[in-house]
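Visitor: Here is my input, please return the structure:
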Amino acid sequence: MKCSIIQKADICEEKTAILPLFLSRIHAGFPSPADDFMDNRLNINDYIIKNPLSTYYVKVSGDSMIGAGIFPGDILVVDRSIRVADNKIVVAMIEDEFVVKRLRIHKEKLYLISENSQYAPIEVTNIEWMIWGVVSFNIHKPT
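Guide: Now for the predicted structure:
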């Protein structure tokens with residue numbers, strides 16, 4: 001595995017095994033009989049990555065985005081080719097630190113908003129900052 005650490009974000013490239021994809025769907029209600037046959041094989045990257053050359057993974061630390069369902073230890077799929085727009089969740093660098101926040105545009109001003117009321121919004125004015133991509137998926141491991 002080829003990995004490099006940039007500040008607090010781990011960005012890695014790794015070949016992923018192609019796993020079985022079953023024909024029958026899983027019901028969240030009353031159980032149904034399972035099929036004995038597989039329909040196809042699933043490479044999870046084919047499902048969650050639309051633009052491989054502009055996509056990376058990053059592991060989350062901190063609790064500023066729990067209101068958006070992003071928890072410490074989650075893996076975000078970040079796509080640099082997705083158009084940045086109001087209300088998108090983005091990965092940004094603010095004064096040499098990576099953060100994940102919701103981008104809000106209000107009265108021609110830009111804000112990076114946490115999804116946790118314990119954190120104040122960051123108005124993007126006289127600070128050094130850059131958007132590194134838009135979050136396209138959140139991989140959350142259930143407890």
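Visitor: now the helices: where do they sit in this structure?
Guide: 44-48 (DSSP state H).
Visitor: For residue 82, see how far away the most centrally placed residue in the chain is.
Guide: Centroid-nearest residue in the chain: residue 76, 2.5 Å away (criterion: Cα atoms, centre = their mean). Taking Cβ to Cβ, to the nearest Å as the measure, residue 76 falls 13 Å from residue 82. Quick note: C-beta positions are derived from backbone N, CA and C, even for glycine.
Visitor: Where does pLDDT dip in this structure?
Guide: 1-39 (pLDDT under 70).
Visitor: Please, where are all the strands along it?
Guide: Using DSSP state E, the strands of the chain run over 2-6, 9-13, 19-22, 38-42, 55-59, 75-79, 89-94, 97-106, 109-113, 122-124, 129-139.
Visitor: nearest to residue 65, of those?
Guide: strand 97-106 (5.6 Å; Cβ to Cβ).
Visitor: how big is the angle separating that closest one from strand 75-79?
Guide: Interaxial angle, strand 97-106 versus strand 75-79 (axes from the mean of the first three to the mean of the last three Cα atoms, to 10 degrees): 60 degrees.
Visitor: Listing partners with orientation, what would you give for strand 97-106?
Guide: Strand pairing for strand 97-106, determined by DSSP bridges: strand 89-94 (antiparallel), strand 109-113 (antiparallel).
Visitor: Enumerate the positions of it that are buried.
Guide: Applying a neighbour-count criterion of 16 or more other Cβ atoms under 10 Å, one finds 98-104 buried in strand 97-106.
Visitor: Among these, which one sits closest to residue 134?
Guide: residue 103 (8.6 Å).
Visitor: pretty sure the closest one contacts residue 112?
Guide: Yes - here residue 103 lies in contact with residue 112, judged by Cβ atoms under 8 Å, at a distance of 6.4 Å.
Visitor: Same list (the strands paired with strand 97-106) but as a markdown table, adding distance to residue 124 and mean neighbour count.
Guide: Below are these laid out as a markdown table (distance: least, Cβ to Cβ, whole Å; neighbours: other Cβ atoms under 10 Å):
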| stretch | distance to residue 124 | mean neighbour count |
| --- | --- | --- |
| strand 89-94 | 8 | 18 |
| strand 109-113 | 4 | 17 |
